[in-house]
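Chemist: Structure of the sequence below:
(2 chains)
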Amino acid sequence: SQQGEEDPQALSIQEGENATMNCSYKTSINNLQWYRQNSGRGLVHLILIRSNEREKHSGRLRVTLDTSKKSSSLLITASRAADTASYFCATDPRGGSRLTFGEGTQLTVNP
Amino acid sequence: GAVVSQHPSRVICKSGTSVKIECRSLDFQATTMFWYRQFPKQSLMLMATSNEGSKATYEQGVEKDKFLINHASLTLSTLTVTSAHPEDSSFYICSPTSGGGPGETQYFGPGTRLLVL
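Modeler: Here you go, the predicted structure:
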């Protein structure tokens, strides 16, 4: 069963604006990962944040993790039309062996 | 990142036929293979997990006789959808791992779009 829940389900913004997506989960984790999926394509790994980390940056991406609230957020700054895609969080559960994906957020960046 | 290929990328078949999807890890040995299914506008759902040389473990609700998984080598796994029906139309994605343990980045194939008429 999917343990990740993401909000919003869909987000539409203008180019140049920031986009924030949230992910909540239910069990203890080793790490949480964010992926991007363009329509009809495979997944692209964006960033991994470990359970002992609180914030991580990669280019225009900023990920936070709050293990006490069992939640994470992905911030994309200065968005571009090419950022239009679905974004999924995935948790690597403690004691488990495989990733469990959230429902995803469909981001549309309008030029 | 790791290179993972899937073949075919897209397949259309008639109801009742079987379809084989290949997944190859091109630059590392995949001791474990995950197969996911994704319906339109939905998330990835894990179907099964296989370890090289042993039988696959299927998730609840996934018929093992319908979705045959072969993981005979460390670089190749196949998923065969037997007697496919329109409800099997979906996007199938493989994810090989080298079993590095927690924290290992999981790589994904580009996916296979199956349409059953």
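Chemist: which stretches of the chain form strands?
Modeler: In the absence of a named chain, this looks at chain A. A:5-7, A:10-14, A:19-24, A:29-37, A:43-50, A:55-58, A:61-66, A:71-76, A:85-93, A:100-101, A:105-110 (DSSP state E).
Chemist: my bad, the chain I had in mind was chain B
Modeler: B:4-7, B:10-13, B:19-25, B:32-38, B:45-51, B:57-58, B:67-70, B:76-81, B:90-97, B:112-116.
Chemist: any chance of the ones you listed in CSV, plus mean neighbour count and mean pLDDT?
Modeler: C-beta: built from backbone N, CA, C; applies to glycine. Formatted as CSV, those follow (neighbours: other C-beta atoms under 10 Å in any protein chain shown; pLDDT from 0 to 100):
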stretch, mean neighbour count, mean pLDDT
strand B:4-7, 17, 94
strand B:10-13, 14, 96
strand B:19-25, 21, 95
strand B:32-38, 23, 93
strand B:45-51, 20, 91
strand B:57-58, 16, 93
strand B:67-70, 18, 94
strand B:76-81, 21, 95
strand B:90-97, 24, 93
strand B:112-116, 19, 97
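Chemist: Pipe the ones you listed into JSON lines and attach distance to residue A:38 per row.
Modeler: Converted to JSON lines, the strands of chain B look like this (distance: least, C-beta to C-beta, whole Å):
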{"stretch": "strand B:4-7", "distance to residue A:38": "16"}
{"stretch": "strand B:10-13", "distance to residue A:38": "15"}
{"stretch": "strand B:19-25", "distance to residue A:38": "20"}
{"stretch": "strand B:32-38", "distance to residue A:38": "13"}
{"stretch": "strand B:45-51", "distance to residue A:38": "19"}
{"stretch": "strand B:57-58", "distance to residue A:38": "29"}
{"stretch": "strand B:67-70", "distance to residue A:38": "26"}
{"stretch": "strand B:76-81", "distance to residue A:38": "22"}
{"stretch": "strand B:90-97", "distance to residue A:38": "12"}
{"stretch": "strand B:112-116", "distance to residue A:38": "13"}
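Chemist: Now those strands in TSV, please, with extra columns for distance to chain A.
Modeler: Output for the strands of chain B, formatted as TSV (distance: least, C-beta to the nearest C-beta, whole Å):
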stretch	distance to chain A
strand B:4-7	8
strand B:10-13	9
strand B:19-25	11
strand B:32-38	6
strand B:45-51	6
strand B:57-58	10
strand B:67-70	14
strand B:76-81	15
strand B:90-97	6
strand B:112-116	7
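Chemist: Out of those, which is closest to residue A:25?
Modeler: Smallest distance to residue A:25 across the strands of chain B (C-beta to C-beta): 15.3 Å, for strand B:45-51.
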